[in-house]
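Trainee: My questions are about this predicted structure, shown below with the sequence.
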There are 4 protein chains.
Amino acid sequence: MILRDPVHGLVSFETEESSIVPRLLGTREVQRLRRIRQLGLTSFAFPGAEHTRFSHAVGAAHVMQLLLARLRQIDQPLPFWQRPTSERGRDAIAAALLHDVGHGPFSHLFEAVLPGHVRHEVWTTRILLDPSSDVHRELAKGDAGLPQRVADLVCGKHDLPYLASAVSGTFDVDRCDYLLRDAHATGVIYGDYDLPWLLRSLRFDLDRSAGAEAPKLAVDGIKGITAIESFLLARLFMFQQVYFHKSTRAAETMIRLILKRAFELLANGARLPMVLPAMDAVAHGREVSLDEYLKLDDQELLVAMRSWEDADDHVLGDLCRRLSKRALFKTIELGNVESDRPEQEALDIAREVASRRGLDPNYYVALDRASDTPFPRDKNLVVVFPDGRRKSLAEVSFLLGRLEGQTLSRTRIVYAAELREELGPALSS
Amino acid sequence: MILRDPVHGLVSFETEESSIVPRLLGTREVQRLRRIRQLGLTSFAFPGAEHTRFSHAVGAAHVMQLLLARLRQIDQPLPFWQRPTSERGRDAIAAALLHDVGHGPFSHLFEAVLPGHVRHEVWTTRILLDPSSDVHRELAKGDAGLPQRVADLVCGKHDLPYLASAVSGTFDVDRCDYLLRDAHATGVIYGDYDLPWLLRSLRFDLDRSAGAEAPKLAVDGIKGITAIESFLLARLFMFQQVYFHKSTRAAETMIRLILKRAFELLANGARLPMVLPAMDAVAHGREVSLDEYLKLDDQELLVAMRSWEDADDHVLGDLCRRLSKRALFKTIELGNVESDRPEQEALDIAREVASRRGLDPNYYVALDRASDTPFPRDKNLVVVFPDGRRKSLAEVSFLLGRLEGQTLSRTRIVYAAELREELGPALSS
Amino acid sequence: MILRDPVHGLVSFETEESSIVPRLLGTREVQRLRRIRQLGLTSFAFPGAEHTRFSHAVGAAHVMQLLLARLRQIDQPLPFWQRPTSERGRDAIAAALLHDVGHGPFSHLFEAVLPGHVRHEVWTTRILLDPSSDVHRELAKGDAGLPQRVADLVCGKHDLPYLASAVSGTFDVDRCDYLLRDAHATGVIYGDYDLPWLLRSLRFDLDRSAGAEAPKLAVDGIKGITAIESFLLARLFMFQQVYFHKSTRAAETMIRLILKRAFELLANGARLPMVLPAMDAVAHGREVSLDEYLKLDDQELLVAMRSWEDADDHVLGDLCRRLSKRALFKTIELGNVESDRPEQEALDIAREVASRRGLDPNYYVALDRASDTPFPRDKNLVVVFPDGRRKSLAEVSFLLGRLEGQTLSRTRIVYAAELREELGPALSS
Amino acid sequence: MILRDPVHGLVSFETEESSIVPRLLGTREVQRLRRIRQLGLTSFAFPGAEHTRFSHAVGAAHVMQLLLARLRQIDQPLPFWQRPTSERGRDAIAAALLHDVGHGPFSHLFEAVLPGHVRHEVWTTRILLDPSSDVHRELAKGDAGLPQRVADLVCGKHDLPYLASAVSGTFDVDRCDYLLRDAHATGVIYGDYDLPWLLRSLRFDLDRSAGAEAPKLAVDGIKGITAIESFLLARLFMFQQVYFHKSTRAAETMIRLILKRAFELLANGARLPMVLPAMDAVAHGREVSLDEYLKLDDQELLVAMRSWEDADDHVLGDLCRRLSKRALFKTIELGNVESDRPEQEALDIAREVASRRGLDPNYYVALDRASDTPFPRDKNLVVVFPDGRRKSLAEVSFLLGRLEGQTLSRTRIVYAAELREELGPALSS
């Protein structure tokens, strides 16, 4: 199987270890990723951001192939039982392809809504292990242990730390692909970094002193520092410019409010068109089954919300109409206003303003918190020098020393546009 | 308003004549283009091809701005009443943005299905002229004649041929943008050409001998030939590689068959979920209203077809299930089989094979014809030389002389995959 | 050895078969290529075109590695004695690196000047086979037959036609690299084509019917046509836009005239500064030795010509001063003037005009002929289809059918700028 | 005049204010920049780095045009006497083109060698002001004050700080161009940043409180932070990866040693071929005249050094032969060896080792110090917010806060390769 990919160019899955890819691509669960955009509602802010989790999954599997090729250039110092064998290669490629197979619509938005806040990683595991899924069946064909091994890898568990962290770590194929892909689709070049050089800079950290039984991935201290700096800064920049963009966050907040309203109405016995089984479950506090969950995607939710534009409930209809014509809520970043008024207080003021203007304060005003750590402390990624010294990234790079552990956050009041004139002064007074 | 565009980079609409753009972007009808992908089902073949007609519309308006800037560098020889005034600039930018506002889902597929085969250009005109549309209202604000002028431009009508052909011609802003955009999204580089250089190569053809009252656009015979060759060949290459791709054509054929079946069932009184008003109209031979038409988009149709996966009708359910898991029909290109068996005969054979295998020959086998002329004869685009000579592109370029008027076509039998083994031999015998 | 290349990105020579590359890069003869620009005087027209034959040589060796990797993916149908073994791989990589090692300064200009018009391929062979060259010594280390085998490959001779044509053929690593590199350096995008896809489209032509004993390279008739079309058109476009650019041709003509004058002066016993041994040899009709030839490079010649700016001979000094301040001669393309006056007649007229103006007609006016065949007929590159059919490129592609065998030529009168006003009318009358 | 540039694409100088550019391009002094590579000997490390100061000068003038266009979009709040008038535009474009016209060969290497260490900026000023230079004559045509105004601008002096800093400041057109150009030529992508967005993020800082009489350039605190961060980090990365590359530094050190030896020999009355007048002057402690200085370029020096390969003096001949076959000296970075031995001590040890091996310690061993401050404190570049607040870059960006004032330095012992085995242990003991 060969494919054209806008980010990586020619992508091929033609080796024996990658023959699992075409089979997995034919499953219902992977095809569903075509209907979930990688960046949710970001296309409201960056019109090009329509790329899907499907193309990202393919890209991640491709990068895993590149990474395996590199590992095999440098695995001579490893005992043979620690090398990336063909079987491990297949496991890793499958895990790369499937790492997000349980993702819900609109980024992480749906996770917050589900009872118990089930995270998408949990759904991924369920899909992998549930004997009724197409993905499970394809994986289990001829190797009953594969679904579990892939599930472990997706969670970052493996006897070989270098394989686990390649699927889920500071420098993993997920990030390698999405930074480039998000940059390509949004037109924001800050996500670019030098993937081939970074791969070429990888080494095995053979240090056993720290009790490590198996080798970790490391970066060459002479050749690789700028490459890894640039990779980690790309993440920072993409958070600043894209992932935390105010319009995207406002749109996601609106969807949260729409769903909240819909669930309340449903819980109270109201009837709405296009209610998906998973919505019904949530509304009535019932657990969402895997089957119901897999019916959720961007398209289903957007179509449902458009069908609610004519709902009897004024609030629901109004919010849905705003969304579909991109009449987005506005935002005030709390860190940016002069006074350092605590968040709750700010929210209370905003609600009061809304009430005064006759808008339901529970649906026309909200608090939105976004935060992430672009470069968390990670013991599994070190720097090695030709003379054998080992250092942490933070020690070697003064930029990364500054970035490490930094949490980037944006807290905003999100509110209906008609409140703008009143709200600005009220919050800064 | 400034935007990031993956193709053009920084895009801004900040001049007075472009202030119409942000207003039009806020309309329901333009926002609807976010839900219609530029290349329909092409993402089945090229996973990156998820870009929408919305981003293309923005791109076309941007290219129009670039073109106007160029025209204003070279308009000194024109009498002032033929120059691209600020008012004409606004009209042209609006027309560029709106040229596809009446497009239906899945490329031109829906046009064939509508009673009377109403083409998307007709819908565009209706939207522009219908006083109830948001677009009409925005256009008519302060200039009641604008909707009609934009409608004329979209159809390639204007007193100034150079403006008309810039909206709709061999070298128009539509093609300028979509070639680059489709190349960027699919990863097929053949759509690339040198837009800045091509714009810089433009001249006015001031020849009046041929009775022309107003100037046309022309290409500089010294500087511009390779640029325009490369532009026109880009179109040819994109047809060969992308627009006529067998998987896309197979998927579109499947949707045609699905709709055909659904309309028949509806006409016979069957009940189906998620039937859109426009579908109902088509099924019962009723005319589709503008309002009904505007409810059609990729998302609505895909969600409807997924809801039909469980339909009582076996054929409909089966076809929909195949589509949603990308179990696409296969194709045989008739020109490629050894014998030159006429199309109808080939179709008959295919149908017979289907029947023998117990598949309904009307739904599991179809004939698909795709054809286009990448470079049609066009009197409005000539080549001028510094010494005043005028020539046609075909005279000046031996490649374009060869390409001019060439119709590229692909005729294929599209059939359910399980017929492959039988059908191949049957058609080539 | 790893390198950063502006065209191919990360370039590495780390396998056993490529270990010859770092050794060859350390030779005097290869290092000399750093002092010869790939496009001679083209930087007068395209300021970026300063890239050297050294970087092109590295690029060609890199592309050979990519090609070998592809050949090894598809060589299963070949008997083992026809496969690209590691030894053949090394030979081919060395040949790719060294294919232009005998190139003289300023493109092919010097070839015309040497007694007997020795072509650069001959010098390449001499360097390879001369036991005193560094290159020979490196090649012969441990394999005395290697210099001869490389020399054969460079001339397109090998038992395996697919290897020979990869070094020197319609689709060879030389062209693969220089089109991309020249496009990158000049900023003319028309040289771009899709190298990875083209490589992936390669097949072996296993047809033995035509008496062929060994397989040739072929292009896949389904996947590869657009890729090879685009590659061959890229060559056409680069000739039109870059290689035959009038300023480059004018500058090369000036250097021809400068050398002609210098040789005449030297032959008559005049003394000039900075006369290189090879110049002296040419001036006195002596054969140029390899050692003398290798002292020629862009820098030496340019510095010599600058030192001649103050020569006693007025013509020589004047021409050199013009060149160094880029006061280039002008050109009239004979095909472009209205009358089809034969070349010699045009030259005579131009000379007369020069004489009238007091300029030596032998040095201030010249005829320049440039011609090339972007896509010559080539039996060694065919198209194969999955069903076994074989066709020629010209049969399969209507563009290539038109391009095949076409000779592109430009004949120009090159003349001192001050003659412009008189010469234009004189030639077109 | 239109040009193709590999970095900026289509570059044109067609306005009245830029009509000075074609005239200046025709001068001897600007044409000389074709013979001085932008990155000196960097092509020894990055084979693509052959681009010249000529193409950079053109690029800088082009960026100045882009910057002026932006300034004119935002100059409404300025009183008319502070606006970038057409005359100021011409001055700024000329200054951008000429900012490096006095640059000597091989980066800053020659400055260190000249008596009094005359910096290239001084030579630039001399060229601008000397009535005998072509540049001066072109500038002075019709505006006798222009040479002085351009000279002031090049030194960062102007009544309008925003113009001065655009020619010479933290964010100036020089850096804007060279980062992109060096990245393009070397293949090191870290020099990339988003030029159009950065220009679009510019504002005028209208704050008068600080006693400022005239407006400065500022960056928009909402839109522009990532763009300027990325610009400044690009500089850091290019220093780390390219500008301080050990092979380049080693080659430059070799040239320093070669010249030192040559000057000593000349001072002692020895005769060498190809001695340029400026060399003779330096050797005998005579001042270098402008005319002599302008004869210096990469080509002249390289050709001279090749002619010295056969010098009687063993050291000079040997060093020159090493250079021309790229047998570069090796380096040990002092910061990287375990002990923190002071530099002089390290050099003494190295010299001793050289002596023991029979190599002249003054010519086969040297200390090389490179240092730069990628982001110096700069009061002329601030951040402004829509609400009027002004902040410094370091306050707004935690990365820039960390980078500000950081001096990047590399101190290395540079030594003949044959000393490697002995020197390594000796220095780390």
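Mentor: Perfect, thanks for sending it. These figures come from a predicted structure and were not determined experimentally.

Trainee: packing partners for the helix or strand harbouring residue A:318?
Mentor: Residue A:318 belongs to helix A:314-324 when assigned by DSSP states H and E. Using 3 or more CB pairs under 8 Å, 6 or more residues apart in numbering or on different chains; DSSP states H and E, the elements in contact with helix A:314-324 are helix A:246-267, helix A:298-307. To be clear about C-beta, it is placed using only N, CA and C from the backbone, and glycine gets the same treatment.

Trainee: right, and these - which one's nearest residue C:100?
Mentor: When the helices and strands packed on helix A:314-324 are compared by CB to CB, helix A:246-267 sits nearest residue C:100, at 53.0 Å.

Trainee: Quick one: name whatever helix or strand follows that closest one.
Mentor: The helix or strand immediately downstream of helix A:246-267 is helix A:277-283, counting by DSSP H and E.

Trainee: can you tell me the average pLDDT over that next one?
Mentor: In this model, helix A:277-283 carries a mean pLDDT of 93.

Trainee: got it, and stretch A:41-49?
Mentor: Stretch A:41-49 comes out at a mean pLDDT of 96.

Trainee: Check stretch A:257-267 too.
Mentor: 96.

Trainee: before we move on, the earlier item: mean neighbour count for the helices and strands packed on helix A:314-324 - can I get that in CSV?
Mentor: As requested, the helices and strands packed on helix A:314-324 are exported to CSV (neighbours: other CB atoms under 10 Å in any protein chain shown):
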stretch, mean neighbour count
helix A:246-267, 21
helix A:298-307, 22
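
Trainee: one step back: the helix holding residue A:318: how far from the chain's middle?
Mentor: Distance of helix A:314-324 from its chain centroid, counting by CA atoms, centre = their mean, to the nearest Å, is 27 Å.

Trainee: Can you name the next helix or strand after it?
Mentor: Once the chain leaves helix A:314-324, the next helix or strand it forms, by DSSP H and E, is strand A:330-333.

Trainee: Which helix or which strand is home to whichever residue of chain A sits closest to chain D?
Mentor: Nearest residue of chain A to chain D: residue A:402, at 4.1 Å (CB to the nearest CB). Following DSSP H and E, one finds residue A:402 within helix A:398-403.

Trainee: could I have the following helix or strand past that helix exported to PDB, CA atoms only?
Mentor: Toward the C-terminus, helix A:398-403 is succeeded by strand A:408-415 as the next helix or strand (DSSP H and E). Only the C-alpha atoms of strand A:408-415 are listed here, as PDB (Å, rounded to 0.1, in the frame of the first residue of the first chain):
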ATOM      1  CA  LEU A 408       1.200  27.300  29.900                       C
ATOM      2  CA  SER A 409      -2.300  28.300  30.800                       C
ATOM      3  CA  ARG A 410      -5.000  30.500  29.600                       C
ATOM      4  CA  THR A 411      -8.000  31.300  31.800                       C
ATOM      5  CA  ARG A 412     -10.800  33.100  30.100                       C
ATOM      6  CA  ILE A 413     -14.300  34.400  30.600                       C
ATOM      7  CA  VAL A 414     -16.200  33.300  27.500                       C
ATOM      8  CA  TYR A 415     -19.400  35.300  26.900                       C
END
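
Trainee: List the neighbouring strands of strand A:408-415 plus their orientation.
Mentor: strand A:330-333 (antiparallel), strand A:365-372 (antiparallel) (DSSP bridges).

Trainee: residues of the next helix-or-strand element following that strand that come out buried?
Mentor: Downstream of strand A:408-415, the first helix or strand assigned by DSSP H and E is helix A:420-428. Neighbour counts using 16 or more other CB atoms under 10 Å in any protein chain shown place A:422-423, A:426-427 of helix A:420-428 among the buried residues.
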